[in-house]
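In: Turn this into a model:
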Amino acid sequence: MPTVSICVPTFNGEGYLVECLDSIVHQTFSNFEVVIVDDCSTDASLTIANDYARRFPNFRVSQNSTNVGLAGNWNRCVQLSTGEWIKFVFQDDIIAPDCLKKMVEAADSGHLLISCARDFIFERNTTLSDKKFYDKHERYIEDTYARSTTLSANEFSDCLSSNIGSNLLGEPTVTLLHKSVFETFGLFNTWLIHDADNEYWARVGTNIGTRHVPEHLASFRVHAGSTTAANMTIRAARKKVDPLVIYHDFAFNPHYAALRRRCRATRPHIDFADEFWIRAYDTLIADKIADTLAHGDAITANEIAAVFQAYPRLAAANWTSKATATAKRRTRNARSFIQRACAILVP
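Out: Residues are numbered from 1 along each chain as shown. So this is what the prediction gives:
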């Protein structure tokens, strides 16, 4: 059994895949396998992957019979891995030669969730606002681990609750996870199209904590053709549903029981059930998701409807835009209205 399974999920990534795989080949740590899972690419990604598999015996390639989507392909990589540890390296990204070596060494501390600092590769079409966003996030992570490179489960929960929605680790390419983590806490949530990694770090970190390696051992590429960029533009309406799914899990998923206990004990305390209903109301009305369902393009509307079907509380909150707006005008407390209505609609 290899110590590390390097998971490379691919989908139409021919532009940067060679550079990505070369960075893996040149690792100073040698006891690893590479699991490349292609999600029905229409470019040369599969050809490139198979070429590396022919040249390197520790490379394995699989192709999905149907497109399973972003998080679904991450999960497939994990399921096909045989290593003790899971190391994601995304098709656009690269890792430093000592990345595996130093992250495996950090794992000797007994932590099962490890992250490292990362650099950014800004392609020429990167906007100034995107650069500022990622630079700000990098400073946030540096500040989070400035006093200590480890966070206990309670400390992780405190950081998360003080800056809800923040990503305390970064992108999957910066992480190393013990395979048992997926057995204990499940796989990535496939109902999330943009924040599946952020939610998973929260799900695991609030239960077992994390360790951070402050060295820059990975590089995350920012470019207009990435999935992240697509979610910000052409899938913006669908992306608005992701925070509702996350808040729903914060409020009701058993894996977040420790986070809820911690937040109830702090001052000011956070009631995630209240936060969920408020955000559901705001998203459906202020962000016009209800209008998208009623009058938007069929593909987006069907995707959102599928999420609501999987999360009955969201389906209960999905009244028509006009009726909900009228009710909001007639009540002084929108939260109270949402809670009363959903108490009737959801057993």
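In: strands paired with the longest strand that the chain contains, and their directions?
Out: Secondary structure of the chain per DSSP state E: the longest strand is strand 210-222. For strand 210-222, the pairing partners within the sheet under DSSP bridges are strand 94-95 (antiparallel), strand 113-122 (parallel), strand 150-151 (antiparallel).
In: looking at those, which is buried most?
Out: Using mean count of other Cβ atoms under 10 Å, the stretch among these with the greatest mean number of neighbours is strand 94-95 (a mean of 23). (Each C-beta comes from the backbone N, C-alpha and C, glycine too.)
In: Just the element for residue 67, please.
Out: Following DSSP states H and E, there is no helix or strand that holds residue 67.
In: That one: what's it in contact with?
Out: Neighbouring residues of residue 67 by Cβ atoms under 8 Å, 6 or more residues apart in numbering: 11, 39, 40.
In: can you rerun that using 10 Å?
Out: Listed by Cβ atoms under 10 Å, 6 or more residues apart in numbering, the contact set of residue 67 reads 11, 39, 40, 41, 73.
In: so what pLDDT did the nearest residue to the third one once chain neighbours are set aside get?
Out: Of all residues not flanking residue 40 in the chain, residue 67 sits nearest, at 4.5 Å (Cβ to Cβ, 6 or more residues apart in numbering). Note for residue 67: predicted pLDDT of 95.
In: ok, now residue 342?
Out: Each residue has a pLDDT score; the one for residue 342 is 48.
In: Which of the strands paired with strand 210-222 sits closest to residue 137?
Out: The minimum distance between residue 137 and the strands paired with strand 210-222 falls on strand 113-122, with 9.8 Å, by Cβ to Cβ.
In: can I get the CA coordinates of the closest one in PDB?
Out: This file holds the C-alpha atoms of strand 113-122, laid out as PDB (Å, rounded to 0.1, in the frame of the first residue of the first chain):
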ATOM      1  CA  LEU A 113      -6.000  17.000   8.200                       C
ATOM      2  CA  ILE A 114      -3.000  18.900   7.000                       C
ATOM      3  CA  SER A 115      -2.700  22.000   4.800                       C
ATOM      4  CA  CYS A 116       0.200  24.100   3.500                       C
ATOM      5  CA  ALA A 117       0.600  27.700   2.300                       C
ATOM      6  CA  ARG A 118       0.300  28.300  -1.400                       C
ATOM      7  CA  ASP A 119       1.500  30.600  -4.100                       C
ATOM      8  CA  PHE A 120      -0.700  31.800  -7.000                       C
ATOM      9  CA  ILE A 121      -0.200  31.600 -10.700                       C
ATOM     10  CA  PHE A 122      -2.100  34.500 -12.100                       C
END
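In: who touches whichever helix or strand comes after that strand?
Out: Once the chain leaves strand 113-122, the next helix or strand it forms, by DSSP H and E, is helix 128-144. Outside helix 128-144, the residues within contact range by Cβ under 10 Å, 6+ apart are 115, 117-120, 122, 126-127, 151, 155-156, 159, 163, 166-171, 174, 212, 214, 216, 220, 222-224, 228-229, 232.
In: May I see the buried residues of helix 128-144?
Out: With burial defined by 16 or more other Cβ atoms under 10 Å, the residues of helix 128-144 counted as buried are 130, 134, 138, 141, 144.
In: Can you add pLDDT and distance to residue 46 and give those back as a markdown table?
Out: Rendered in a markdown table, the data for the buried residues of helix 128-144 read as follows (pLDDT from 0 to 100; distance: Cβ to Cβ, whole Å):
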| residue | pLDDT | distance to residue 46 |
| --- | --- | --- |
| 130 | 88 | 29 |
| 134 | 92 | 30 |
| 138 | 94 | 33 |
| 141 | 95 | 34 |
| 144 | 95 | 38 |
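In: returning to that earlier point: from the contacts of residue 67, which land in helices?
Out: In this view, the contacts of residue 67 that belong to helices under DSSP state H are residue 73.
In: mind checking how far the residue nearest to residue 40 is from residue 10?
Out: 12 Å (Cβ to Cβ, to the nearest Å).
In: Can you pull the residues that touch both of those two?
Out: Common contacts of residue 67 and residue 10 (Cβ under 10 Å, 6+ apart): 39, 40, 41, 73.
In: so which two of those residues are the farthest from each other?
Out: Between all members of the shared contacts of residue 67 and residue 10, the farthest pair (by Cβ to Cβ) comes out as 41 and 73, at 10.7 Å.
In: Contact partners for residue 44?
Out: Taking Cβ under 10 Å, 6+ apart, one finds 12, 13, 14, 15, 17, 18, 51 in contact with residue 44.
In: among the residues you listed, which are in strands?
Out: Among the contacts of residue 44, no member is found in strands (DSSP E).
In: Helix or strand with the lowest mean pLDDT in the protein?
Out: Across the helices and strands of the chain, the lowest-confidence element by mean pLDDT, DSSP states H and E is helix 321-330, at a mean of 47.
In: Distance check, the most centrally placed residue in the chain against residue 289.
Out: In the chain, the centroid-proximal residue (Cα atoms, centre = their mean) is residue 197; its distance is 1.7 Å. Between residue 197 and residue 289 the distance, using Cβ to Cβ, works out to 23 Å.
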